[in-house]
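Q: how would this look folded up:
(chains A, B and C)
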Amino acid sequence: MSTPAAHASRPPPAWYRPGTLADALAARAEWGRDLVAMAGCTDLMVGWNAGARRVPSVLDLSALAELRTIEPGPDAVTIGATMSCAGIAAHPVIAARLPMLAASARQTGSVAIQNRATLGGNIMNASPAADNPPVLLAYGARLTLASVRGARTIGYDAFHAGYKRTLAEADELLVSITIPFPPPGAIGYYRKVGTRRAQAISKIALAALVETSGAADGAVVRGARFGFASAGPVPLPAPALSRALHGMPLASIDAGRVAQALAADLSPMDDIRSTAAYRRSVAVNLVLAALQSARREVAQAAYTG
Amino acid sequence: MKVPDDAMAAVAVAATAAAAAPRLGLLGAAVARKDAPAKILGQARYVDDLVRPGMLHGATVRTRCAGGTLERIEFGPGIDWDAFVVVSAADVPGINATQMIEQDQPVLADRCFRHAGEPVLLLAHPDRDLLRAAVEAVTLHEWPEPSPVFSIDDALAQRGQVCPGNVYRDYLMQRGDIAAGEAAAEVVFEGRFETGAQEHVYIEPQGMIAHVDAAGVLVVEGSMQCPYYVLGTLTAVTGRDAGRVRVVHCTTGGGFGGKEEYPSHIAAHAALLSLKAGGRPVKLVYDRSEDMLATPKRHPSRTLVRIGARRDGRLCFMDIDFALDGGAYTTLSPVVLSRGVIHAPGPYACANARVRGRAVATHHPPNGAFRGFGAPQSIFAIEQAMDGLARALGLSPLELRRVNMLRPGDRSVAGQPIDHTTDFDAVLDQALRESGYVAKREAFAASNARNAASGDPLRHGIGLATFHHGAGFTGNGEVVLASEARVRADVDGRVEVVASSSEMGQGNTTTLCQVVAEALGLPLDRVSQAPVDTFDVPDSGPTVASRTCMVVGLIVEQAARRLRAELIEKAGLPASGADEHAFAAACARYLDGHPRLEAQARYEPPANVQWDETVFQGSPYASYAWAAYVAEVEVDLTTCEVALSGFTAVQEVGKVVNPVIAAGQVEGGVVQGIGFALFEKVSWGGNGAMANNRLTNYIIPTSADIPPVRVFFQEQPGGIGPAGAKGLGELPMDGPGPAILSAVNSALGSRIASLPVLPEDVMAAAAGVAS
Amino acid sequence: MRAQAPAAPGPALSFTLNGRNLSSADGSIGAPTMRLLDLLRLHAGQTGTKEGCGEGECGACAVLVDGELVNSCLVPVGQLHGCNVTSIEGLPRDDPLLSAFARAGAAQCGICTPGMVLAARALLERSAQPSLDEVREGLAGNLCRCTGYARIYTAVLDAAAAGASPGTQAGGAPGLPE
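A: You can find the predicted model right below:
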């Protein structure tokens, strides 16, 4: 795919609020990122309010009803990019089939933030500390991006190219996020470690989805997908950890194995919210807690089943 | 402004001659706050809500380096500078210094400066967006201080120099013979304890509006605790006398000490801009980032404690070296330090004790008053040391406290005799009973051992802090202040409390009226507090130090009694059985022949309260509130997060004047203390100024973080205030820090010795315990 | 391909504030990028909404948009076309929350109170009889530095017990004294 040059001959409007996706994509094609795409504004306006208040030209996506949707299908849910966190957290299918997403949406800022913040914005703002990306990584979400050139769907795990950089082209908009339902028996674990219990940015967060086979004592990891927040420059999957755990009996996985794998997957740093050492150590503990919870659930299933 | 002497003389009859007003039971009644409706409906006017005709907006340009020399100010291109009002140090007509304890802090830095964030240049313009752009277009060319000092240890070691010696004050309080005490001690504990800076986070940022009125009076209105402090700085800075400067208090959105001293700077800045703009109104309101960057914090502290006891736990000596980081100018550090020194021995009897206290200079922005000022820091240290000594003795923290608690007949280390008005055992007993401390301590020890064996990551702990807090200004402070207040009535019998005590949320517009209504035998709705305006109200002292309800309450009560006596004597008010109608009729009769109906009173210290500041001996406070707090925590070793699972706060405060307001003070203070202990950490940038100066990055507790805080009062009317009331506003700040850290240490078996304790610290400590 | 996007402002923007119609056509709404907070405070004279941080962290600027709680410092007015905005000035005077806040001593300095009342109103709309934990979670975006929150919980629970929404309970809630 070639990258279109967004050399507009006219300056972008100060504020453009298209009524259709086609109009939005046309504007994006003409002005690219000179027209800043906004929906819930909960991240971007924080920047406006600081210092000399430099307000960009805005492509306001909030009138596009087609992006504010939740469409459950037989195998997956497709969520429009401008669906709010509150709408996601309150949706019965998401609560039942994707409970980690309901939980992360409910822990995104406060109630007032959740009413405005969108899932697409949380992804496109590309903060390594964003609350929903770990869950999307663990569930194996796919993103659909659109431009006047057409639409494409890509795996979310490859989307973040570097700190605040993504694979989205300048003329593209994120349209929807498709999240497959986990297979039966898959066990989820989500924990956000924030600076406080609510209205917090994470020190570190983990979402994990573990599939096992075999009976209680001898349960073996058949697949495990992870997503971390605040553990590197972008929301991070942990492919080395997934590989390291594959085929391992749950009972045999120890801290050393997890730590070794995560050393390759994560690159935490010291910043204003925590330290690299804390993040590295808690990342291991959270993975062990996820596996422990998986063991408990397998045992429970064996007992009740 | 003073009331004419004849009016004063007219009411200077003996108040005691009058029969007491009928008792209405207003002291102790949970009456609704008078300021509540306007605040709840959004009608209360805070400074930023005010718009004045032709108003300009002001902004401040600040230094970026941690001290140094200002070489040049460059005004960048692209700005129509002629459209701006520009004020620098050269424009200060009077003394370029705020009028605090010392006059070392310039209102605007001229050439030398001591910290990042120091104001240099003021700008004003009608358009706020253009103003923000102009601030960014100014470049200060600074030669940075080559070796800035950012820690207490470095300041004391004189690795760099802020001012000669780097020490603002050096106090020594001692009693008995330390060497003899040491010789008698069978067990000695030694520790170093530290607390961090804490930001006030009043939800209303600071601000002022200044203008010159038609009569040529400079009027400054805004958010503040101490209108007469502001007045003092304004007269000095502008060179005007007090008759041509007027300070008006706006509804103030929280203070907690943070609006004690800094408002004087903002007022001076707004006034300088307005004066240069020909008297046009100038509004200078900080945004959150500027407020957090520029305004003072709670002093960081480090305390070295050596204490020793006999095997039975009886203290033999205390040797305490207490130091506060005062930042780059003196501000209020001396009084913060003296309070910290006096509270450093805790509520314990010890015949041989020495407390040395120093407020040191660093290149951080100046630190200042914050609820408790100095006491939360030094009480934290002694409480942790008592836990350490108990460990060394093989006693429980409770047993050690029981043995050494100050009891009637004892003298404190300051030399103050302990009277019979507080039964501290009863306070402690109730805290133990309500919290289940003893049983829980045992149960948690057992469950922690079980969990450690089984690999369960949860640990539980419980911690106890016992403390007392002196109310009012320290030592001779109240004598020097000689606070004054008045009560006046109009022809309809409506009464006003006329005092400079400033409502900032703590409730004095209600409690002072309760006191006066009770003294006059009037329903509460007949009494209100007059707007705080230095053209109308006398100097009742600053609104600080847990002194308002107790000290100013006492003064307005006396004034009310004098007013009543005057009406009985000269206007036929029945000495008994008079209701509000009879009162109004008497007021009308009185005012038929007199220009005004007003009575004044001035604070007279109790005879037994004497303090020698030179040797730090005597009775530093007229009243102490006593408390025992218990904190319970759950620590999850998966993440090392500490969750507060319970908090019990029992205190003896003399008389509770308003139970709802008193409980609100304690609950709010406890939660600030919880923040101090578990959440709030100021991160210093490389230039020594606050780096996390945003609410996203400086973390105060939300409702989700706070378990129900259980508050209990005991009342043994022994305070000097109305009906025996004692001050209580600061007390609740003292206990949470030590109680919570004790709980964490008991959960983990750790020896963490500093606050705040964040998950990263817990992790390091847990790793230390494991190895 | 050339976008159809207009470089000039689009059609008139209009919404209601506390029951009053505002429109860009008559100048009562400024630029679409203006913060709702600034529109309220600087243009509409509704200063009951406060600015505590300007970054959506403190909740002092909270208002209701179509009944949902938002931080008005993070809402550009351009997104409000057709919406109903309610600030503290627009809350019915018989809302039981108002009197409950006064009774409980839930307001101290008062700067967080309007936003807190509206957060509580939004919570009671979602859950008429909330548990204490729901109250704690529902108000967690509104910082209060004075009260320690306890009296605010009491007020919200009392108001919930008094009646789910304004004017619905028998006899009406006791009004606030003016």
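Q: what sits against residue A:35?
A: A:12-13, A:16, A:27-28, A:57-59 (CB atoms under 8 Å, 6 or more residues apart in numbering or on different chains). Yep, even glycine has a C-beta here, placed from its N, CA and C like the rest.
Q: nearest to residue B:360, of the residues you listed?
A: residue A:58 (50.6 Å; CB to CB).
Q: sec struct for that closest one, please.
A: Following DSSP: H, G, I helix; E, B strand; the rest coil, we place residue A:58 in the strand state.
Q: Just list whatever residues bridge to it.
A: residue A:15, residue A:36 (DSSP bridges).
Q: ok, it - how many residues close by?
A: 24 (other CB atoms under 10 Å in any protein chain shown).
Q: The one 3 residues further on now?
A: Counted by other CB under 10 Å, the residues lying close to residue A:61 total 25.
Q: for residue B:752, same thing?
A: 19.
Q: which residues does it contact?
A: B:741, B:744-745, B:761-762, B:765.
Q: got it, and residue A:265?
A: So residue A:265 contacts A:226, A:228, A:236-241 (CB under 8 Å, 6+ apart).
Q: Report how many residues lie close to the nearest residue to it once chain neighbours are set aside.
A: Take residue A:265 and drop its neighbours on the chain: the residue closest to it by CB to CB, 6 or more residues apart in numbering or on different chains is residue A:238, 4.0 Å away. By other CB under 10 Å, the residues close to residue A:238 number 27.
Q: Residue A:238 and residue A:290: what is the separation?
A: Distance from residue A:238 to residue A:290, counting by CB to CB, to the nearest Å: 11 Å.
Q: In the host helix or strand of residue B:142, which residues are buried?
A: Using DSSP states H and E, residue B:142 sits within strand B:138-144. The neighbour-count check on strand B:138-144 (16 or more other CB atoms under 10 Å in any protein chain shown) flags B:138, B:140, B:142 as buried.
Q: I'd like to know the average pLDDT value across it.
A: Throughout strand B:138-144, pLDDT has a mean value of 98.
Q: likewise stretch B:239-251?
A: 97.
Q: And stretch B:509-520, by the same measure?
A: 98.
Q: what's next to it, contact-wise?
A: Counting by CB under 8 Å, 6+ apart, B:21, B:23-27, B:29, B:31-35, B:487, B:495, B:497, B:499, B:501, B:503, B:523-524, B:526-529, B:548-549, B:552-553, B:556-557, B:559-561, B:563-564, B:583, B:657-658, B:661, B:722 sit against stretch B:509-520.
Q: what does stretch B:435-444 give?
A: Stretch B:435-444 is contacted from outside by B:396, B:398, B:431-432, B:459-462, B:464, B:630, B:632, B:646, B:648, B:746-747, using CB under 8 Å, 6+ apart.
Q: quick one: which of those residues sit in helices?
A: B:398, B:431-432, B:746-747 (DSSP state H).
Q: Residue B:673: which element?
A: Per DSSP H and E: helix B:659-678 holds residue B:673.
Q: How about the contacts made by whichever residue of the stretch 151-300 of chain B sits closest to chain C?
A: Using CB to the nearest CB, the single residue of the stretch 151-300 of chain B nearest to chain C is residue B:253, 3.1 Å away. Residue B:253 makes contact with B:46, B:202-204, B:223, B:504-505, C:50, C:109-111 under the criterion CB under 8 Å, 6+ apart.
Q: please redo it, this time with the cut-off set to 10 Å
A: B:39, B:44, B:46-48, B:202-207, B:223, B:259, B:504-505, C:50, C:52, C:60, C:108-113, C:145-146 (CB atoms under 10 Å, 6 or more residues apart in numbering or on different chains).
Q: ok but it is inside a strand, no?
A: No - according to three-state DSSP, residue B:253 belongs to no strand; its state is coil.
Q: Please tell me how far the residue in chain A that chain B sits nearest to sits from residue B:497.
A: With CB to the nearest CB, the shortest gap between chain A and chain B falls at residue A:198, namely 3.7 Å. Using CB to CB, residue A:198 is found at 40 Å from residue B:497.
Q: Kindly report the same for residue A:200.
A: Distance from residue A:200 to residue B:497, by CB to CB: 43 Å.
Q: Flag the shaky bits of chain A, pLDDT-wise.
A: A:1-8, A:52, A:216, A:304-305 (pLDDT under 70).
Q: Could you list the domains of it?
A: A:15-60, A:65-180, A:187-304 (automatic domain parsing).
Q: cool, and chain C?
A: C:14-90, C:96-162.
Q: Which of those domains sits closest to residue A:97?
A: domain C:96-162 (22.5 Å).
Q: ok, now which ones touch the spatially most central residue of chain A?
A: The geometric centre of chain A, computed from its C-alpha atoms, lies nearest to residue A:133 (CA atoms, centre = their mean), at 1.4 Å. Contacts for residue A:133 were tallied using CB under 10 Å, 6+ apart; they are A:104, A:119, A:122-123, A:126-127, A:141, A:156, A:159-160, A:205, A:207, A:227-229, A:234-237.
Q: Next, find the distance separating it from residue A:287.
A: In this view, residue A:133 and residue A:287 are 17 Å apart by CB to CB.
Q: what does residue B:337 give?
A: For residue B:337, the distance to residue A:287 - CB to CB - is 49 Å.
Q: is the very next helix or strand once past the helix holding residue B:673 anywhere near chain A?
A: Once the chain leaves helix B:659-678, the next helix or strand it forms, by DSSP H and E, is strand B:709-714. No - no part of strand B:709-714 sits near chain A under the criterion CB under 10 Å from any CB of the partner chain; the closest distance found is 15.6 Å.
Q: Give me the neighbour count for the residue lying closest to residue B:532 once chain neighbours are set aside.
A: In space, and not counting its chain neighbours, residue B:532 is closest to residue B:249: 3.8 Å by CB to CB, 6+ apart. Look at residue B:249: counted by other CB under 10 Å, it has 26 neighbours.
Q: ok, what's across the strand from residue B:249?
A: residue B:222.
Q: circling back: how about the residue of chain A closest to chain B, secondary structure?
A: coil.
Q: Would you mind confirming that it is in contact with residue B:705?
A: Yes - using CB atoms under 10 Å, residue A:198 is in contact with residue B:705, at 7.2 Å.
Q: and for these two, which residues touch both?
A: With CB under 10 Å, 6+ apart, residue A:198 and residue B:705 have common neighbours C:136, C:140.
Q: quick revisit: what's the separation between the residue of the stretch 151-300 of chain B closest to chain C and residue B:205?
A: 8 Å.
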